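next one to model:
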Amino acid sequence: MDTNIRQRYPGHEWTLVTEGDSGAVVYRLSGVSDLYAKIVPGQVEPGIAPGLEAEALRLRWLAEQGFPTARVVDLDSDGSASWLVMEAVPGVTAAAEWPRDRRRRVAETMADTVRLLHELPADDCPFDQSLAVTVPRAERNLEAGLVDMDDLDEERLGWSGERLLDELRRRLPAKEDIVVCHGDPCPGNVLLDPESGRLTGVIDVGRLGRADRHADLALAIRELGHEEDPWFGPECVTAFVERYGPFPVDQGRVDFYQLLDEFF
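Predicted coordinates for the structure are as follows:
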């Protein structure tokens, strides 16, 4: 990786973490302080890759609300890449292989986390992730060939893009219950103290914004339903739903937002 960012952190050891679906490469920087760097290669006009700038704005807004998340350290670009450097959030992810007797509590903490996000002042949130924004974006993603048709949920495997879009339009809800949503509240994006199990912060907030609460509930329920990854299962889905209350979970909207997520 030939970019000026390495020169800014000469005292850190760089470890590749992952290459994400968004095209960003993620590194852990170990040193005097622990950091994470998301790097998007390629020159962008004018300057910083839009996805990184969007995530930085959301991280800063969340911090202003007093919600635990990663602090932005550096957002910049040079002629070869754009980058976002953040302080590491302490703790381990909810996706870790927790002992069986603690998994229900982890699911409940995830529900508490989602509910606390949903209680933030939606009218003050400057990021719009409502259906007026996300459905046209889904259509553009499909048209641009950005939807991975080989990675659809099991019940939709083998569907064509046309069928996927027709079903999305058919199921479109008539109204939205707008709150501040994380956008991707999977266990891997929720960090907990390994001893107490308490929330230490949320990460990967690039899709945060005003949306129907079921946009979050649908993805959390889907991920917690997997018994092998991250080792939860139906009993943890029940714990999540019961803990999230008192708002009833609408299964039709859950199904819709799981379908919408196929496009992203």
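
C-alpha from now on. contacts and neighbour counts both.
Will do.

is it true that residue 232 touches residue 220?
No. Counting by Cα atoms under 8 Å, residue 232 stays clear of residue 220, with 11.5 Å between them.

higher neighbour count, those two?
More neighbours surround residue 220 than the other of residue 232 and residue 220, with 25 against 22 (other Cα atoms under 10 Å).

quick one: contacts for residue 197?
Each residue near residue 197 by Cα atoms under 8 Å, 6 or more residues apart in numbering is listed here: 105-106, 109.

columns secondary structure on top of the residues you listed, output as TSV?
Converted to TSV, the contacts of residue 197 look like this (DSSP: H, G, I helix; E, B strand; the rest coil):
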residue	secondary structure
105	helix
106	helix
109	helix
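
filter these to the buried ones?
Applying 16 or more other Cα atoms under 10 Å to those, the neighbour count classes 105-106, 109 as buried.

picking that back up, reformat the contacts of residue 197 as CSV; add pLDDT.
CSV is the format used below for the contacts of residue 197 (pLDDT from 0 to 100):
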residue, pLDDT
105, 97
106, 97
109, 98
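
the strands in the stretch 101-250 of the chain, which residues?
With DSSP state E, counting those that start in this stretch, the ranges of strands along the stretch 101-250 of the chain come out as 178-181, 190-192, 199-202, 209-212.

and the last one, how far out from the chain middle?
So that's strand 209-212. On the basis of Cα atoms, centre = their mean, to the nearest Å, strand 209-212 sits 13 Å off its chain's mean C-alpha point.

before we move on, what about the first one?
Between the mean C-alpha point of strand 178-181 and the mean C-alpha point of its chain there is a distance of 14 Å (Cα atoms, centre = their mean).

tabulate the CA atom coordinates of it in CSV.
Taking C-alpha atoms only, strand 178-181 is exported to CSV below (Å, rounded to 0.1, in the frame of the first residue of the first chain):
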residue,chain,number,x,y,z
ILE,A,178,-39.1,6.8,11.5
VAL,A,179,-36.3,6.6,14.1
VAL,A,180,-32.5,6.8,14.1
CYS,A,181,-31.3,3.5,12.7
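
would you check that residue 157 makes contact with residue 150?
Yes. Counting by Cα under 8 Å, residue 157 touches residue 150, with 7.1 Å between them.

I'd like the distance between residue 127 and residue 9.
From residue 127 across to residue 9, the span is 31 Å (Cα to Cα, to the nearest Å).

so which of those two has more stuff around it?
Between residue 127 and residue 9, counted using other Cα under 10 Å, the more crowded position is residue 127 (18 against 14).
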